[in-house]
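Novice: Would you be able to build a 3D model of this:
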Amino acid sequence: MGAGKDGYNCFGCAPGNPIGLHIDFYEDADEVVGIWHPGPNYQGWIDTLHGGIIATLVDETGAWLITRKLQTTAMTVRLNIQYKHPIMTTDRCVTVRTSIAQQMRNFVTVNVDVLDSKDKLCARGEATYCTFDHERARQMGFTGCELEP
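Specialist: Just a heads-up that it's a prediction; the model follows:
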């Protein structure tokens with residue numbers, strides 16, 4: 001999305017951010033899927049993933065859905081998360097799946113599921129974004145979003 005742009009250092013996805021999450025994304029039909037590998041630096045309690053990191057996974061994956069499927073940028077206006085089961089920082093990967101639930105004018109609501117490496121639903125999120133028109137997105141430096149196969 002922003003790789004190669006001067007000043008791009010997103011905490012969620014920038015590959016060059018030394019303390020970032022480095023989430024990898026791909027498309028699966030109408031969904032965008034994020035794959036992330038947890039580690040001990042992201043724990044709340046011992047070996048347990050911090051809830052704020054789960055919220056970041058939800059928000060970042062929802063934002064990628066907007067950029068990829070709608071080809072624009074957006075601002076998060078609401079984030080609601082239900083934490084169902086702990087995710088261990090020792091787990092090999094976390095999968096985050098998101099799809100558009102509703103779109104009204106420039107407001108888009110997405111549903112997001114966060115799954116552990118055994119595909120157990122650990123968190124469910126709903127995020128609403130205010131999307132920018134394409135001209136405003138271009139002014140912010142967004143020129144399009146291509147995902148690798």
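Novice: so how far is residue 53 from the residue positioned nearest the centre of the chain?
Specialist: The C-alpha lying nearest the average C-alpha coordinate of the chain belongs to residue 61 (Cα atoms, centre = their mean; 1.8 Å). Note on residue 61: its distance to residue 53, by Cβ to Cβ, to the nearest Å, is 13 Å. No exception for glycine: its C-beta is placed from N, CA and C like everyone else's.
Novice: and if you look at residue 35?
Specialist: 15 Å.
Novice: Name the residue in the two with the higher neighbour count.
Specialist: Neighbour count, other Cβ atoms under 10 Å: between residue 35 and residue 53, residue 53 has more, with 19 against 13.
Novice: mind listing the helices for this structure?
Specialist: 51-70, 134-139 (DSSP state H).
Novice: what's the most buried one of those helices?
Specialist: helix 51-70 (a mean of 22; mean count of other Cβ atoms under 10 Å).
Novice: ok, back up a step: nearest approach to residue 116 belongs to which of the helices of the chain?
Specialist: helix 51-70 (11.0 Å; Cβ to Cβ).
Novice: helices or strands up against the closest one?
Specialist: Secondary-structure packing of helix 51-70 (3 or more Cβ pairs under 8 Å, 6 or more residues apart in numbering; DSSP states H and E): strand 24-28, strand 31-36, strand 74-83, strand 94-104, strand 107-115, strand 121-131.
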